[in-house]
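1. Sequence and predicted structure, then a few things I'm wondering about:
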Amino acid sequence: MMQDYFRQLVSFLQSQITPSEQFTCWLSAEETDFVRFNRSAIRQPGHVAQIILRVQLLIGRRHASSSVNLCGQMEQDYSALIETLALLREQLRDLPEDPHLLMTTEVRHSSHIQRSSLPPTQDMVNEILEAAGGLDMVGILTTGTQYRGFANSQGQQNWFETHNVNVDWSLFHSGDKAVKSNYAGFEWDTKEFQQKFDAARKQLALFALPAISIPPGSYRAYLTPTALNELLMMLNWAGFSEKSLRTHQSCLRRLQAKDVSLHTDVYLSEDSLAGLEPIFQSQGFIKPDSIELIRAGELCGSMISPRTAKEYGIQSNGANPDESAKSLRMRGGTIPMNEALQQLGTGIYISNLWYLNFSDRTNCRITGMTRFASFWVENGEIKAPLNVMRFDESLFRILGDDLVALTQETETIMDDRSYGERHTGGAILPGVLLKAMRFVL
């Protein structure tokens, strides 16, 4: 078991340090199947197994860290750790004391193992290929086990293990006309996957209608949870960071100053119990079950890392060094998701957004493009696909005066990044109905 292996590494590190030294270590490992599809056929199957251990060595307030790739063979891994400790001791001789170093002094153990009933990868692949029959599908299936572990020389050990699946696919009609969909979770529900795929297939058929362009302006709009996630990722880009709020670099500083407020239906929190992310971070600090960030449209909390807590003399809430929310949850609202078009009436249905950036960070103003399946809707019925449009809009309006309602149902959107390693985290979000969204091109 990976957890037993981690315990052996920790025990070995403990045996190698001197009485004047302390250590922390962070394990990030995975056993992942990747299957890439193109034109509804398997193009690149693969399996990744990797173990990365970041070791931090401390003497007083001086500290240095290094990451090492391990192989799972104890003798070889022990040798790699001995070399790493020697390197860190060399570096420590030349390093100054860190005035903002904050280490956990309370030993708090934890172990979270997400049980899963996922079928074999081949079975999931077969269902995907069967669903995509006769279509031009491009996509990737990512599934397997992710591991995270923390330990220190005080004896604290924390463990996180999750087994999940994430399928991201696009059905192409022609040119840039496509429908992008996703299915993710800790279980494989054939019926739910098929329903999502069938919904994408129905949207694809709408591209047989001639695409239209509409003039720039303000339009009533519905954003799917996927589209909303793109906007909230911008909000999460240092927006909830306590350090950024105190240095006036956060895009939410006007919300903090109460110059503006959001709709009273907006509740955002970091949900540590969702199972998307470990409840502990790389220095061993434990997050509370929930960190309220926005309550009834008002900023009521922030993500506070240990370094920020030390610098400002406040209490850390276990945030990672970048102080972003890793398991963001927005409370649902009143509209059944299957009534979204009917509630929209006449306006724009937006399934995806991309190329987002701030056009005015002070006013939380974001610009970006519609992507893939966006449609013109009249009287609750899709009339035509829309050509690509650019929006320029403030989230203070989107989540404020222009918000009509949120959907009752929420959707789990897992972080699908795999740069260097498969990421953990994600968001649980509803869809959002707006009375106005401003388009400039």
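-> Okay, I see it.

2. ok, for the most centrally placed residue in the chain, nearest residue in space, not its chain neighbours?
-> Residue closest to the average C-alpha location in the chain (C-alpha atoms, centre = their mean): residue 426, at 2.9 Å. In this structure, residue 426 finds its nearest non-sequential neighbour in residue 414, 4.1 Å apart by C-beta to C-beta, 6 or more residues apart in numbering. Any C-beta I mention is one placed from the backbone N, CA and C, and that applies to glycine too.

3. what's residue 270 in contact with, if anything?
-> 287, 290-291, 293, 303, 325-329 (C-beta atoms under 8 Å, 6 or more residues apart in numbering).

4. Residue 345 - how many residues pack around it?
-> 14 (other C-beta atoms under 10 Å).

5. out of the contacts of residue 270, which are inside helices?
-> Using DSSP state H, the subset of these located in helices is empty.

6. is residue 159 in a bridge, and if so with what?
-> Beta-bridge partners of residue 159, counted by DSSP bridges, are residue 111, residue 149.

7. Wait, it touches residue 1, no?
-> No. Assessed by C-beta atoms under 8 Å, residue 159 is found out of contact with residue 1, at 10.3 Å.

8. Looking at these two, which one has more neighbours?
-> residue 159 (21 against 9).

9. Next up, the contacts around the more buried one.
-> Residue 159 neighbours (C-beta under 8 Å, 6+ apart): 3, 6, 110-113, 147-149.

10. try 7 Å this time
-> 3, 110-112, 149 (C-beta atoms under 7 Å, 6 or more residues apart in numbering).

11. out of these, who has the most neighbours?
-> residue 149 (25 neighbours).

12. how about the nearest residue to residue 42, chain neighbours excluded?
-> residue 35 (6.2 Å).

13. where's that neighbour relative to residue 287, distance?
-> 33 Å (C-beta to C-beta, to the nearest Å).

14. Next: residue 405.
-> From residue 405 across to residue 287, the span is 30 Å (C-beta to C-beta).

15. Those two: which is more packed in?
-> A direct count of neighbours by other C-beta under 10 Å for residue 405 and residue 287 places residue 287 higher, at 23 against 19.

16. didn't the more buried one look like it was pressed against residue 279?
-> Yes. Counting by C-beta atoms under 7 Å, residue 279 is a contact partner of residue 287 at 5.2 Å.

17. Now for those two: what residues contact both?
-> Both residue 287 and residue 279 are contacted by residue 272, under the criterion C-beta under 7 Å, 6+ apart.

18. Walk me through the domains of this structure.
-> For the chain, automatic domain parsing gives the domain ranges 2-201, 209-239+248-271+327-439.

19. Let's have the ones you listed in CSV, adding mean pLDDT and distance to residue 309.
-> CSV is the format used below for the domains of the chain (pLDDT from 0 to 100; distance: least, C-beta to C-beta, whole Å):
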stretch, mean pLDDT, distance to residue 309
domain 2-201, 96, 6
domain 209-239+248-271+327-439, 96, 16
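
20. Ok, which of those domains comes nearest residue 283?
-> Among the domains of the chain, domain 2-201 comes nearest to residue 283, with 6.3 Å by C-beta to C-beta.
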